[in-house]
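Asker: Return atomic coordinates for the entry below.
(chains A and B)
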There are 2 protein chains.
Amino acid sequence: MEKVLIFGHKNPDTDTITSAIAYAELKKALGVNAEAIRLGEINDETQFALDQFKIAAPRLVTAVAAEASHVILVDHNERQQSADDIADVTVTEVIDHHRIANFETSDPIYYRAEPVGCTATILNKLYKEHGVAIKPEIAGLMLSAIVSDSLLFKSPTCTEEDIVAARELAEIAGVDANVYGLNMLKAGADLSKKSITELISLDAKEFSMGAHKVEIAQVNTVDTAEVLLRQAELEEQINTIILEKELDLFVFLVTDILTNNSVALVLGQQAPLVEQAYGIEATNHLVYLEGVVSRKKQVVPILTDTAVSSK
Amino acid sequence: MEKVLIFGHKNPDTDTITSAIAYAELKKALGVNAEAIRLGEINDETQFALDQFKIAAPRLVTAVAAEASHVILVDHNERQQSADDIADVTVTEVIDHHRIANFETSDPIYYRAEPVGCTATILNKLYKEHGVAIKPEIAGLMLSAIVSDSLLFKSPTCTEEDIVAARELAEIAGVDANVYGLNMLKAGADLSKKSITELISLDAKEFSMGAHKVEIAQVNTVDTAEVLLRQAELEEQINTIILEKELDLFVFLVTDILTNNSVALVLGQQAPLVEQAYGIEATNHLVYLEGVVSRKKQVVPILTDTAVSSK
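Answerer: Okay, the predicted model is just below:
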C-alpha cells in the first residue's frame, strides 16, 4: 500500500507535531499506511511534551513529493504555510481549526475544520467516531496540544469542547492537566538562550491579507521586558527579512503567558494597518495589546478586515 | 436569536434543495433559528420529491445579506455558484461533497466536506452525531438527493457510504429506494416540454480552470436523440451566453440515465481542451463520452488538469 504522509505547518508548534502523530496513529489503526512527518525544527515546548510521554519526534522531510503522491494536512491549509512542493502532491484530507484560504483542490476531499481551539480536540472526536481507543501516551500529546494552543485554557480561542476534551485526555494520560500544562508552557517560554533568529522564526506564519503579504511571529514568555531589551537587534533582523521576502508588514508578538497581554513590534510599510486595526498609536514601533494572546482570533481577522477594507 | 439562512448552489438540484431543508431541520432541533432558502427555480425532479413527501419548497431569496448576516452553505462552496452577495455575509458553516475552490474566510469555521456522492449522506452522519432522529418525510427527501446525485447508485461518484445511507433513509421514509428512485429520475428526465433556455440553465455551473472561465451544463434524459434534434438552437443560444459571460468554454452534457453514457456539445474558444482531455476528436461540436455521467468526478477534474497543464 502506498504511503500517505501526514504533516502540520512549517515552524511546527506543539499542536502541529502532536496532531500529525495522533492522526497517523488513528489512520494506522484503520489500516492505512500513514507516517507522521514534520516540516521544521521541534521547539522546546514540544520537546518537553515528547520527552514526558516518551514519543520520538517525527522525521524531518521538506520535499514531500519525493516520498509520496498523497498527503494529509493537519493544523493548517494555506499553501504558503505548507510544504514547498505541496502543489506536486494530492491532498486527500485536511483536519484543521484555522480560517480557510489559499487552498484549492481539483477533486472532492475529506475536509474537517471546526472552530475550536485545537486540532487535537477534533482528533479526539475522530477517534470516537471510528471507535478507536486512544493510547495513554498519545492522549498525553493531544492534551499537550490543547494546553499549548489555549495557553492553559486562557486564550479566547479556547472553547468548552477543548476543555472537555482536555479533561478526557488528561484522564487517559494519567496526568494533572494544570500542573503538567504549566510546566510544559514554562519549558517553552524560556527565551533567555534564544538567538535573535530563533526568536523571530520560532512561531512565524505568513498570510495574504487583501493585496498585502504579512508575516506574524509570536513568542510566549514570562518576562516581556527581557525580550524587549533586544529590540534593536530584533528590528535589524526583521527589516532584513522584510526586504528578502518582500513583506508589506511584519508583526512580532511578545505574549506574557502569566498576564495574558501582548506587546507587538510592528515593522514594514504597512505598519499603520496595525495602529488602524486596534485604534492604538505605536510608540517606538511598539503597540501594547491588552488581553491579546491569540494570533488566530485576535490578530489575523482584524488585520485582514482592515487590510481588505482599506484597499 | 438572529436568523441563519441555509442554502445550496444556484440552479438548484435535488441535493441542494433537500440538503438545505434537512440541515435547517437539524439546526432547529439543536435550538438554532435556521431557515432553508433557495437561490433559483425548483426543477421537475426536485418538485416530484417535494410532492411525494409533502414538503413545501424553500423560499426564493437572491439577496441574502438583506435578511441575515450569517449563512450556512450546503452542497457547494465556490463563490461563483453561491448567492451574488455572498461576500457581504459571514459563512459560519459549509457541508459539502465537492472540490474546494474560490473559497476563503477570515475566521475559523465549521467545514465538513467528505468525498462521498451526496451531501445528504454527510447530513445522515450529522444527525447521528447529534443524536437527533430524522423525520420520515425528511428522510424521504434525503433519499431523493442520494438517488439524484448517484443516478440510482450507478454514478462513479456513488460510494458504499451513500448506498448504506440510502438504505437507512428508505427504511425511515417507508419507500422502496429503487422503485421510487426510478420514478423520480424519470420525472426529471422528461425534457420534451423544455425551452432551449431551460435546457441550458437547468443544471449549469461555472468553474475557474487555470486561467479559463468554463461553464458546464448537464441534462439527464432517457432519449439523447430527442435533445440533439435541437442542436442548432442550442448552439445559437450557448454562443450568445459565451459572449455575454465572456466564457472560454461551454460544455453541454446530455446524459442518458438508462445507458449511463453522455454526449457533450462543446463550444467556445477553448473547445479543444475537451478533445485533448479525453483524446477524442469532436464531430460537429459533439464529443461522445462513454460511461461518463458525473460532471464532478469525470469532467471537472480532467478538464481542470488539462487546462492547468496546458497553460
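Asker: So which bits of the stretch 51-200 of chain A are right by chain B?
Answerer: With C-beta under 8 Å from any C-beta of the partner chain as the criterion, the stretch 51-200 of chain A meets chain B at residues A:97-115, A:129. Heads up, the C-betas are built off the backbone N, CA and C, glycines and all.
Asker: Quick check on those residues: which are buried?
Answerer: Buried residues within those, counting neighbours by 16 or more other C-beta atoms under 10 Å in any protein chain shown: A:97-101, A:103-115.
Asker: residue ranges of the helices in the stretch 1-150 of chain A, please?
Answerer: Ranges of helices in the stretch 1-150 of chain A, per DSSP state H, counting those that start in this stretch, are A:14-29, A:44-52, A:119-129, A:136-150.
Asker: give me every residue that touches the nearest residue to A:L126 once chain neighbours are set aside.
Answerer: Nearest non-adjacent residue to A:L126, counting by C-beta to C-beta, 6 or more residues apart in numbering or on different chains: A:L26, 6.3 Å away. Each residue near A:L26 by C-beta atoms under 8 Å, 6 or more residues apart in numbering or on different chains is listed here: A:123, A:126-127, A:130, A:132.
Asker: Grab the longest strand from chain A for me.
Answerer: Ordering each strand of chain A by length in residues (DSSP state E) puts strand A:212-221 first.
Asker: Now the helix or strand just after that strand: buried residues?
Answerer: Next along the chain after strand A:212-221, taking DSSP states H and E as the criterion, comes helix A:224-228. Neighbour counts using 16+ other C-beta under 10 Å place A:224, A:227 of helix A:224-228 among the buried residues.
Asker: do the same with stretch A:135-146
Answerer: A:135, A:137-146.
Asker: Need the max-distance pair from those.
Answerer: A:K135 and A:I146 (16.8 Å; C-beta to C-beta).
Asker: where's A:D305 relative to B:A56, distance?
Answerer: 38 Å (C-beta to C-beta, to the nearest Å).
Asker: Between the two, which has more neighbouring residues?
Answerer: Using other C-beta atoms under 10 Å in any protein chain shown as the criterion, A:D305 and B:A56 rank with A:D305 on top: 15 against 7.
Asker: Find the helix or strand that that one is a member of.
Answerer: According to DSSP H and E, A:D305 maps onto helix A:300-309.
Asker: So what touches that helix?
Answerer: The contact list for helix A:300-309 (C-beta under 8 Å, 6+ apart) reads A:99, A:207, A:209-212, A:214, A:216, A:249, A:251, A:270, A:273-274, A:276-278, B:106-107.
Asker: can you check stretch A:115-127 too?
Answerer: Defining contact as C-beta under 8 Å, 6+ apart, one finds that stretch A:115-127 is touched by A:8, A:15-16, A:18-19, A:22-23, A:26, A:74-75, A:95-97, A:112-114, A:133-134, A:141-143, A:145-146, A:148-150, A:155, A:157-159, A:161-162, A:165, A:168-169, B:107-110.
Asker: repeat that with 7 Å
Answerer: Contacts to stretch A:115-127, defined as C-beta atoms under 7 Å, 6 or more residues apart in numbering or on different chains, come from residues A:15, A:18-19, A:22-23, A:26, A:74-75, A:95-97, A:112, A:114, A:134, A:142, A:145-146, A:149-150, A:155, A:157-159, A:161-162, A:165, A:168-169, B:108-110.
Asker: List only buried entries from the contacts of helix A:300-309.
Answerer: For the contacts of helix A:300-309, a burial check counting by 16+ other C-beta under 10 Å picks out A:99, A:207, A:209-210, A:212, A:214, A:216, A:249, A:251, A:270, A:273-274, A:276-278, B:106-107.
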